[in-house]
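Colleague: this one's sequence-less:
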């Protein structure tokens with residue numbers, strides 16, 4: 001197959017990794033690539049120099065692999081941590097999404113970048129809780145050494161952490177704060193307790209454990225970054241901002257905290273404040289990550305420099321020039337009408353104003369690198385809806401743009417409600433349904449089957465809509481709203497489906513496919 005836009009030979013099922021085109025929005029699926037005749041090499045009678053070089057390389061690689069895997073397990077784990085690292089923060093996406101198809105804005109795991117960088121820089125890579133090495137035998141008396149060992153073993157085994165163990169760890173720290181291994185053990189116990197609380201859907205408890213770690217160990221870079229990352233994962237950007245500021249008061253030279261503060265400000269639509277944070281960082285120290293983040297942020301600021309503005313409690317609309325003032329007003333009215341409809345339907349309102357930016361053709365392309373066919377999109381990264389004003393008349397919003405805005409605004413509502421913990425088919429199907437699309441026929445069950453983790457793009461969008469229509473017909477809008485609420489509260493797709501529909505996500509999909517047959 002090849003991309004219908006750039007001709008790339010391996011475009012994937014949903015979007016092209018080279019140019020970023022989403023085939024569903026383009027209205028075309030990848031076309032079959034031409035089959036080129038392959039030249040059959042003639043047989044060789046003796047080993048060439050290239051063959052000999054390759055043979056030597058393979059032998060050397062084999063030796064490296066053998067030496068690596070004959071090392072002790074602990075050494076292998078340490079080597080893996082030093083090269084790979086851990087995810088920056090706990091993912092709020094579903095733990096079981098069988099489709100490799102995206103929402104209308106981006107594909108999970110896709111190599112194609114979002115049209116606008118979602119944040120100034122990627123979050124720091126944070127390691128999972130690990131058991132620290134034991135202190136010297138003389139550092140702790142017998143009773144404390146016994147308590148220390150039991151807590152370290154619990155962390156190493158990732159066993160359930162009880163509140164009594166947290167109290168025990170804090171008491172040990174109070175007695176033996178001078179022993180570095182004890183401080184690290186307490187930090188890891190609190191992080192493991194936070195992770196486990198988060199998996200149970202107890203977000204407040206998870207934040208409390210990370211907050212406690214930062215209070216007890218204000219000099220720990222990792223404690224502050226984990227606290228910020230926890231707020232980021234929950235979409236609590238005001239809390240993330242405050243945590244980053246407090247962390248910088250304790251560790252004023254920590255680069256990752258400056259970047260985290262800038263990220264939190266961008267997510268709140270405070271781009272100028274974020275740029276000031278990065279400029280102050282660069283004024284005090286040469287920080288390449290901050291320099292790169294500032295350059296990207298300044299490009300975004302330049303793209304909206306001098307723009308007019310319309311603001312309400314629900315939206316912050318920016319547009320270029322006086323000529324678009326009437327269009328900005330008309331667009332604001334459409335957005336407010338659609339907002340009211342979605343709030344009634346979903347029984348939910350986002351807790352922040354949604355930024356909307358109107359960009360003319362040239363600015364839209366240069367600022368976003370979006371494909372030529374795109375008219376609007378919502379970015380999960382920075383929570384903004386960007387609209388291209390091509391062929392728009394002042395004071396008039398075409399019907400097709402109204403539907404597109406409703407679709408993207410629905411994604412904004414769903415993301416705010418679920419914090420991203422929703423399968424792509426439910427996300428995309430619900431956005432289509434809320435924007436007025438209906439399937440209008442009974443889906444062939446063969447089109448709903450995922451093969452090798454891949455799916456035809458048209459089948460994905462149609463089956464996503466069919467699945468949501470089934471959920472609404474079987475359980476009703478109230479139950480679907482409860483699903484979104486539970487997803488946001490628990491961060492788990494299966495927990496949300498069990499609470500809303502009394503079965504897992506996979507079981508619900510299987511039930512839907514069965515009734516198609």
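Modeller: That came in fine, so what should we check first? What you are looking at is a predicted structure, and each value in this text was computed from that prediction instead of being measured.

Colleague: who's in contact with stretch 341-355?
Modeller: Contacts to stretch 341-355, defined as Cβ atoms under 8 Å, 6 or more residues apart in numbering, come from residues 268-269, 311-316, 318, 339, 382-385, 406, 409-410, 412-414, 416-417, 434, 477-478, 481, 484-485. In this view, the C-beta of every residue, glycine as well, is placed from N, C-alpha and C.

Colleague: got a PyMOL select line for the buried ones in those?
Modeller: In PyMOL, this line selects whichever of the contacts of stretch 341-355 come out buried by 16 or more other Cβ atoms under 10 Å:
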select buried, resi 268+269+314+315+316+318+339+382+383+384+385+406+409+410+412+413+414+416+417+434+481+484+485
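
Colleague: so of the contacts of stretch 341-355, which ones are in strands?
Modeller: 311, 315-316, 318, 385 (DSSP state E).

Colleague: give me the buried positions along whatever helix or strand residue 227 lives in.
Modeller: Using DSSP states H and E, the element containing residue 227 is helix 221-233. Buried residues in helix 221-233, counted by 16+ other Cβ under 10 Å: 221-233.

Colleague: which residues in the stretch 201-350 of the chain form helices?
Modeller: Secondary structure of the stretch 201-350 of the chain by DSSP state H, counting those that start in this stretch: the helices cover 203-216, 221-233, 237-250, 255-267, 271-284, 288-303, 325-346.

Colleague: and the contacts of the helix holding residue 227?
Modeller: Helix 221-233 is contacted by residues 88-92, 123-124, 126-127, 187, 191, 194, 198, 206-207, 210-211, 213-214, 216-217, 237, 239-240, 243-244, 246-247, 250-251, 254, 256-257, 260, 263-264, 419, 491 when judged by Cβ under 8 Å, 6+ apart.

Colleague: so how far is residue 336 from residue 187?
Modeller: Note on residue 187: its distance to residue 336, by Cβ to Cβ, to the nearest Å, is 47 Å.

Colleague: cool, residue 482 as well?
Modeller: 26 Å.

Colleague: wait, residue 179 sits on residue 139?
Modeller: Yes - here residue 179 reaches residue 139: they are 5.1 Å apart, a contact under Cβ atoms under 8 Å.

Colleague: do you know the pLDDT at the closest residue to residue 497 other than its chain neighbours?
Modeller: Leaving aside its chain neighbours, residue 497 sits nearest to residue 505 (4.7 Å; criterion: Cβ to Cβ, 6 or more residues apart in numbering). Looking at residue 505, its pLDDT is 95.

Colleague: so which of the buried residues of helix 221-233 sits lowest on pLDDT?
Modeller: residue 233 (83).

Colleague: what separation do you get for that one and residue 483?
Modeller: 20 Å.

Colleague: same question for residue 463.
Modeller: For residue 463, the distance to residue 483 (Cβ to Cβ) stands at 18 Å.

Colleague: out of the buried residues of helix 221-233, which comes closest to residue 167?
Modeller: Nearest to residue 167 among the buried residues of helix 221-233 is residue 223, at 18.2 Å by Cβ to Cβ.
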